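Undergrad: Here is a sequence together with a model predicted from it:
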Amino acid sequence: MKAILKAAIMTILIVPGLVLPAQEKTDASTYAYIGTKKCKKCHIKQFKSWKETNMAKAFELLKPGVRADKKTAAGLDAKKDYTSDLECLPCHTTGYGKAGGFESVEKTPQLLGVSCEMCHGAGSEYTKPEHMSLKNKNYKLAGILKVGLISPVTGATCVEVCHNEKSPFFNKDEPFDFEKRKYEGTHDNFPFKYKHD
């Protein structure tokens, strides 16, 4: 009887510790990419600003003849179509090779270019109505960080995925400077209407 009681107490103490971490995901890589449509609903100014950047148009750069002079200078064939080149897609699309990420122009056109989720994390969870949405305007940052949002954005992802020696445009004499470039070519930054701390 004592052994059964001891086993029951141990189960009550240990099992919740095993179950809770599985319910509260904090690893951004476990979420799927969804595209900019949901982001745009609440962040229209940022979206419009981003839409005009090279990040938004990154996929277009893979097409033949686009920025031919820069491609030639980097040792690339300016006439070649790189839109299906597996080495180029991770840096010119959103979420390539990850859950819900870019697959092809036909299957996932909403993930062309470098969009919100490349910096802020895959949004399948944090954009749900109970998290960051027009229905929950007073969400707290701590809560959505637990469901995949990346904030603050750092240069680590930029360097790990794209701005490194794998890129034919990488300049080892001038490595990527996130602090200098974070406000160049991404989107304009606007204050939030509601407090989220």
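TA: Arrived safely, thanks for sending. Predicted, not measured: the structure shown is a model, and the values here were computed from it.

Undergrad: right, and residue 105 touches residue 113 too?
TA: No. In this structure residue 105 lies outside contact range of residue 113 using C-beta atoms under 8 Å: 11.5 Å. For every residue, glycine as well, the C-beta is placed using N, CA and C.

Undergrad: Roughly how far does residue 74 sit from residue 87?
TA: According to C-beta to C-beta, to the nearest Å, residue 74 and residue 87 sit 13 Å apart.

Undergrad: quick one, which of the two is more surrounded?
TA: Taking neighbours as other C-beta atoms under 10 Å, residue 74 and residue 87 compare with residue 74 leading, 14 against 10.

Undergrad: which residues touch that one?
TA: 168-169 (C-beta atoms under 8 Å, 6 or more residues apart in numbering).

Undergrad: tally of neighbours for residue 136?
TA: 15.

Undergrad: tell me the phi and psi of it?
TA: With angles defined as degrees, to the nearest 10, residue 136 sits at phi -130, psi 70.

Undergrad: Is it bridged to anything, and to what?
TA: Judged by DSSP bridges, the bridge partners of residue 136 are residue 133.

Undergrad: Could you report the distance from the closest residue to residue 166 other than its chain neighbours to residue 62?
TA: Nearest non-adjacent residue to residue 166, counting by C-beta to C-beta, 6 or more residues apart in numbering: residue 87, 7.5 Å away. According to C-beta to C-beta, residue 87 and residue 62 sit 11 Å apart.
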